[in-house]
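Peer 1: Need a 3D model of the following:
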Amino acid sequence: MKTHTHWMVVPTILALMLGVTSAAHSKAPVIELTPGFNADPLAVSGKSGGQKATPDCGKIAAAPNHQIKMTKDFQYLRFSVQSSGQPTLLIQEPGGRRTCVLADSFSGGNIESPGYWKQGSYSIYIGDRAGASNPYTLSITQKVK
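Peer 2: Reported below is the predicted structural model:
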């Protein structure tokens, strides 16, 4: 009876360990921002696109490319994406509101989303309308153009 119990415990523990490991790898690190942050502009990079199709923002990754935690309200903050292809910027705000910004034919693959941003956690997805995967740079600044 005890031998049978051990055979059930070992696979259960392995399954839990694998689940925790894969969840940890799929989660983007959290970037914490406070008004007046020193590294301005803050720049991060990655690969755009993914397999998850959205009705308005092309194809994105299943998990956010970046997690941003704003510790206080920002009177002005600008997200800028520079990439080739047909990049999209999807921002999921606290409370679930989603905003999609697309690059147009005049921007040369650049996207900007400036404005007032409330305190809270934001999920950032860098997608591609055609589903391609291209290198991108996401810059975040408090400086007004």
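Peer 1: mind checking how far stretch 116-131 is from the chain centre?
Peer 2: Centroid separation for stretch 116-131 versus its chain: 6 Å, with Cα atoms, centre = their mean, to the nearest Å.
Peer 1: Let's see the distance spanning that stretch from one end to the other.
Peer 2: Length of stretch 116-131, first residue to last, Cα to Cα, to the nearest Å: 30 Å.
Peer 1: could you give me the average pLDDT of it?
Peer 2: Per-residue pLDDT over stretch 116-131 has a mean of 96.
Peer 1: Which positions in that stretch come out as buried?
Peer 2: By neighbour count with 16 or more other Cβ atoms under 10 Å, stretch 116-131 contains the buried residues Trp117, Tyr122, Ser123, Ile124, Tyr125, Ile126, Gly127, Asp128, Arg129, Gly131. In this view, the C-beta of every residue, glycine as well, is placed from N, C-alpha and C.
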